[in-house]
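**Student:** kindly generate the corresponding structure for this input.
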Amino acid sequence: MDGDGVIRYFNKAAERVFGYTEHEILGRKLHDMMVSEKARMQYYRKLPVFSETGQCEVLGKTVELTGTRKDGSRFPLELSVSSFRINNKWHSAGTVRDITRRKQMEEQLRMTAITDELTGLFNRRGFFRLAEQQCKMAARTKRRMTLLYIDLNNMKSINDSLGHNAGDRALVDSAAILKKTFRESDILARIGGDEFAVFLTEHADADIDSIVIGNLRTNAGILNQEKNREYLLSFSIGSAHFDPALPCSAEALLLKADAAMYEDKKRYHDQYVSKPSWEEKRSHSRVAVINGYQASLDGNNGMIIKNISLGGICLITPETMPPDSEHEIKIVTPENEALVPHGKVVWSRHINNGSNDRYYETGLEFVRLNTDIENLLVKLIRDISVGS
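**Tutor:** The predicted structure follows:
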């Protein structure tokens, strides 16, 4: 460019970068065509100084700017400028490099630093970086917010019984449930091995805790109803509220929610996981069924229940059943109460009972049990135990 900012030379590489041909661009002012209006105004205010002295603030430096192509698209560029005189007039030479790819890589690295690789949620660092910003803004704008601390139940059991690949799938499934439950404006993070945090940044409803926690549990239940699931997902959840009248840090808020989560975890443990008494041990053992209980398999009545436990059921069937096939089992108690678990065939065989009768037994493992069915099974097995 000459001292007036008019383009006098434009090489093939510049054509590729900006989309103009040399014919289209020579004789025109670069700053009228390729830079933003703000940058253009700043440039023309300083142009007289350059035309007189050959000096400008970017001379001898490499700076990053935003350029505009012929099609109107904008892109990041790196610019190096030098000056020289021709025919006693100052000119400038700019070397431009399109740095779009570099910026993309920088953004990827930045996101990698704050993102959990397995789930795609924010990691602990990313969570606190964004949550602290929200706390400061909420204190200024007098906005209430809620933080949820969420722990995936039975993670160790999943890892121990099914392997760590299944454990990873459980974490990915949990992240999917969180994404389905919460809004895009909420901050979702995996902050530990099986622990998640959610910052509800738009606290609008007085009953927000019960609503969103209820939705979270509902969505987990929907996922648990899918066929051929290896494990069931459930969460222990604690909440804490940000009060702009008594502002605190995101870390302090997380500690409060963590304490509340452990209370919920204790309730879960006491209800489902605590060490059983002698009577409860019997309800978890295989119990022989004497009489009074009927079962149907996929709607076919007349199946005899040989024994049952919380893990599965053994039926007398009219024929062998294919392994790994899945069936609906309906059990009717003497009081005409019905429960309908699903079972997967583990084994099925002909039993020689010393007569000419064809006698078959089929063992089915219960699959995709939810809490309601588990509770009914516990009651059923206890009733059978007492009746025996």
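**Student:** strands of the stretch 1-150 of the chain, residue ranges please.
**Tutor:** Taking DSSP state E, counting those that start in this stretch to define them, one finds strands in the stretch 1-150 of the chain at 62-68, 74-86, 89-98, 145-152.
**Student:** JSON lines for these, including mean neighbour count, distance to residue 317 and mean pLDDT?
**Tutor:** In this view, the C-beta of every residue, glycine as well, is placed from N, C-alpha and C. Shown next, in JSON lines, are these (neighbours: other CB atoms under 10 Å; distance: least, CB to CB, whole Å; pLDDT from 0 to 100):
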{"stretch": "strand 62-68", "mean neighbour count": "14", "distance to residue 317": "73", "mean pLDDT": "83"}
{"stretch": "strand 74-86", "mean neighbour count": "14", "distance to residue 317": "69", "mean pLDDT": "85"}
{"stretch": "strand 89-98", "mean neighbour count": "15", "distance to residue 317": "71", "mean pLDDT": "85"}
{"stretch": "strand 145-152", "mean neighbour count": "24", "distance to residue 317": "37", "mean pLDDT": "94"}
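**Student:** show residues contacting the host helix or strand of residue 161.
**Tutor:** Assigned by DSSP states H and E, residue 161 falls within helix 155-162. The contact list for helix 155-162 (CB atoms under 8 Å, 6 or more residues apart in numbering) reads 166, 167, 170, 193, 194, 230, 231.
**Student:** which of these sit farthest apart?
**Tutor:** Across those, no pair lies farther apart than 193 and 230, at 18.9 Å, counting by CB to CB.
**Student:** shouldn't residue 374 be in contact with residue 309?
**Tutor:** No. Residue 374 lies out of contact with residue 309 (CB atoms under 8 Å); the separation is 11.9 Å.
**Student:** circling back: what angle sits between the helix holding residue 161 and strand 145-152?
**Tutor:** Helix 155-162 and strand 145-152 are oriented at 30 degrees to each other (axes from the mean of the first three to the mean of the last three CA atoms, to 10 degrees).
**Student:** got any ranges where the stretch 51-200 of the chain has weak pLDDT?
**Tutor:** The model of the stretch 51-200 of the chain has pLDDT under 70 over residues 51-52, 54, 58.
**Student:** and stretch 347-362, what's its mean pLDDT?
**Tutor:** For stretch 347-362, mean pLDDT is 71.
**Student:** tabulate the strands of the stretch 1-150 of the chain (a markdown table), appending distance to residue 104.
**Tutor:** As requested, the strands of the stretch 1-150 of the chain are exported to a markdown table (distance: least, CB to CB, whole Å):
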| stretch | distance to residue 104 |
| --- | --- |
| strand 62-68 | 14 |
| strand 74-86 | 9 |
| strand 89-98 | 12 |
| strand 145-152 | 32 |
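**Student:** these: which one's closest to residue 119?
**Tutor:** strand 145-152 (11.2 Å).
**Student:** counting contacts, what elements does that closest one pack onto?
**Tutor:** Here strand 145-152 touches helix 124-141, helix 164-181, strand 195-200, helix 208-224, strand 235-242, helix 250-268, going by 3 or more CB pairs under 8 Å, 6 or more residues apart in numbering; DSSP states H and E.
**Student:** could you spell out the sheet neighbours of it, each with its direction?
**Tutor:** strand 195-200 (antiparallel), strand 235-242 (antiparallel) (DSSP bridges).
**Student:** reformat those as JSON lines; add distance to residue 293 and mean neighbour count.
**Tutor:** Output for these, formatted as JSON lines (distance: least, CB to CB, whole Å; neighbours: other CB atoms under 10 Å):
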{"stretch": "strand 195-200", "distance to residue 293": "42", "mean neighbour count": "24"}
{"stretch": "strand 235-242", "distance to residue 293": "34", "mean neighbour count": "22"}
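**Student:** CSV for these, including distance to residue 381?
**Tutor:** Shown next, in CSV, are these (distance: least, CB to CB, whole Å):
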stretch, distance to residue 381
strand 195-200, 34
strand 235-242, 26
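**Student:** identify whichever of those strands lies nearest to residue 180.
**Tutor:** strand 195-200 (12.3 Å).
**Student:** from the rest of the structure, what touches the closest one?
**Tutor:** 121, 127, 130-131, 134, 145-152, 174-175, 178, 182, 186-191, 208, 212, 250, 254, 257.
**Student:** tell me the angle of that strand relative to helix 250-268?
**Tutor:** 120 degrees.
**Student:** chain center to strand 195-200, what's the gap?
**Tutor:** 11 Å (CA atoms, centre = their mean, to the nearest Å).
**Student:** next: stretch 60-75.
**Tutor:** On CA atoms, centre = their mean, the centre of stretch 60-75 falls 36 Å from the chain's centre.
**Student:** which ones are touching residue 100?
**Tutor:** 75, 76.
**Student:** neighbouring contacts of stretch 216-229?
**Tutor:** Against stretch 216-229 from outside (CB under 8 Å, 6+ apart): 150, 173, 176-178, 180-181, 232-235, 237, 326, 367-368, 370.
**Student:** out of these, which are buried?
**Tutor:** Buried members of the contacts of stretch 216-229, scored by 16 or more other CB atoms under 10 Å, are 150, 173, 177, 178, 181, 232, 233, 234, 235, 237, 367, 368.
**Student:** alright, calling it a day.
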